[in-house]
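Trainee: generate a structure from the sequence data that follows.
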Amino acid sequence: MAEERALGQARTVGNLMLDGGYFGPAMLARVKSIVDADMVEVFAGSVRASTLPREETEVIAKAARTEAPLAAAGRFRVVSVTKADTTLVFAYSSDSLEAAKTEAVRPLWWLAGGAALGVVVLGFWLGAALLRPVGLLVAGAMRVEKGDFSVDVPSTGSDEFAALASAFNAMQTALRKQREDERWAAAGRFAAGVAHDLRNPLAGVLMMAQMLERDESDARRREVLARIVTEVKRLEASIGELMALAAPEPPKKERVDLAAVAKESISLFKPRAEHRSVSLEARGSGDVIFTGDSGRARRIVDNLVANALEATPAGGRVTVATAVKDGKAELRVEDTGGGIPDAVKEKLFEAFNSDKPGGTGLGLATVKRLAEEMGGTIAVESGPGGTAFVVRF
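Mentor: Numbers count the residues shown, from 1 in each chain. From the prediction side, this is the model:
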């Protein structure tokens, strides 16, 4: 057990050091004080740093060429960890290992019950306290290996392990952004294909609706046809935005009244809400102005209202509120549905992650992207009584 612990310790710490590029005499001395083993750094066959005298260093460096774990080298047993041209050699004192074995066996003859439990608990606590930063990094690396880049490791303090944790978190952030960019690139290709197939049939629908509107004498029907024409034109604009996903354009910078945009969206979704027996209400008074893109703002409101209506059972309520808070234009879309499970909430805004049957997972990811393109933020509050999405510009 003593040998296995030394072997595992050396490989874990060695790989972390090689991955992070942390070498040099000071770093080797720091690690020696933690793992209780002398260290030698060999680069391209030559010794570059060591915590041992020169004579013993040469012996250790030669032993580093063997693949045997805990190979004997003078008064030491060595473990080598290699990556590219660099090898880190951990030299454990043979006497210390034998003493560790003896100490591990001797208590079994005289310790029992509570005393044995006390030794185990104390040893566990000391090991956790000394190697906790390494353990956190190892756990983080294992999550990254499985494709989970969502959790950063603590990087408090100012020592080398804190610097290594900061570097690890920066890598996680870069990987998250890369994965998000790749997903949006795929979404752009998908959306461009769908938009291309929809554009021509939609143009035909628009033309026929305009003809019917022009020839209709009944005022009520003409009003309905006018609304159809307006919404089809908006769909054409949305298709243009889908096409732009493959080659995105920067948002416009214009005066946007968020309250007016919300009222337009509510007017569109009122019939759907009535059909579902859901109350759809507007809240807020006065203008709520910010500088942004009115088309993008409308898509944000529409997406959030549509999601809220889907999540709300018959007899429930969806509230769309606009206000100015702390100098920011705020949109709050709140429903009285069953809330969002914690497991779903973690990846709520990631593209192609959906818990709905047949869902694409693009709705909320698109809302987040559109809000951030205009310098905004989005947050979610959810519990058993319902869910609220809050967007601020």
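Trainee: burial check on the closest residue in space to Phe349 that isn't next to it in sequence, number of neighbours?
Mentor: Spatial nearest neighbour of Phe349, excluding adjacent residues (CB to CB, 6 or more residues apart in numbering): Lys368 at 4.4 Å. Every C-beta, even on glycine, is put in place using the N, C-alpha and C of the backbone. Here the number of neighbours of Lys368 (other CB atoms under 10 Å) works out to 21.
Trainee: list the buried residues for stretch 48-57?
Mentor: Using 16 or more other CB atoms under 10 Å as the test for burial, stretch 48-57 gives Ala49, Ser50, Thr51, Leu52, Glu56, Thr57.
Trainee: same check, this time on stretch 212-230
Mentor: Counting neighbours by 16+ other CB under 10 Å, the buried set in stretch 212-230 is Glu213, Leu225, Ile228, Val229.
Trainee: for stretch 81-94, same thing?
Mentor: Quick answer for stretch 81-94 (16+ other CB under 10 Å): Val81, Thr86, Thr87, Leu88, Val89, Phe90, Ala91, Tyr92.
Trainee: now, which of these sits nearest Arg332?
Mentor: Closest approach between the buried residues of stretch 81-94 and Arg332, by CB to CB: Val81, at 53.7 Å.
Trainee: the closest one touches Thr87, doesn't it?
Mentor: Yes. The pair Val81 / Thr87 is scored as a contact, 7.0 Å apart, by CB atoms under 8 Å.
Trainee: hmm, back to that, out of the buried residues of stretch 48-57, who's nearest Leu235?
Mentor: Out of the buried residues of stretch 48-57, the member with the shortest distance to Leu235 (by CB to CB) is Ala49, at 66.6 Å.
Trainee: gap between the closest residue to the closest one other than its chain neighbours and Ala91?
Mentor: Distances taken as CB to CB, 6+ apart place Glu41 nearest to Ala49, at 4.3 Å, with adjacent residues excluded. As defined by CB to CB, to the nearest Å, Glu41 lies at a distance of 12 Å from Ala91.
Trainee: what kind of secondary structure is the residue nearest to Phe349 in?
Mentor: At Lys368 the chain is in helix, as set by DSSP: H, G, I helix; E, B strand; the rest coil.
Trainee: what average pLDDT does stretch 264-274 get?
Mentor: Stretch 264-274 shows a mean pLDDT of 90.
Trainee: buried set for that stretch?
Mentor: Neighbour-count burial for stretch 264-274, counted by 16+ other CB under 10 Å, picks out Ser265, Ile266, Leu268, Phe269, Ala273.
Trainee: about what we covered before: so the residue nearest to Phe349 sits against Glu350, correct?
Mentor: No. With contact defined as CB under 8 Å, Lys368 does not count as touching Glu350 (9.1 Å).
Trainee: redo the buried residues of stretch 81-94 as JSON lines? Include secondary structure, distance to Leu175 and pLDDT.
Mentor: Shown next, in JSON lines, are the buried residues of stretch 81-94 (DSSP: H, G, I helix; E, B strand; the rest coil; distance: CB to CB, whole Å; pLDDT from 0 to 100):
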{"residue": "Val81", "secondary structure": "strand", "distance to Leu175": "24", "pLDDT": "87"}
{"residue": "Thr86", "secondary structure": "strand", "distance to Leu175": "24", "pLDDT": "87"}
{"residue": "Thr87", "secondary structure": "strand", "distance to Leu175": "28", "pLDDT": "87"}
{"residue": "Leu88", "secondary structure": "strand", "distance to Leu175": "25", "pLDDT": "88"}
{"residue": "Val89", "secondary structure": "strand", "distance to Leu175": "31", "pLDDT": "87"}
{"residue": "Phe90", "secondary structure": "strand", "distance to Leu175": "30", "pLDDT": "88"}
{"residue": "Ala91", "secondary structure": "strand", "distance to Leu175": "35", "pLDDT": "87"}
{"residue": "Tyr92", "secondary structure": "strand", "distance to Leu175": "35", "pLDDT": "88"}
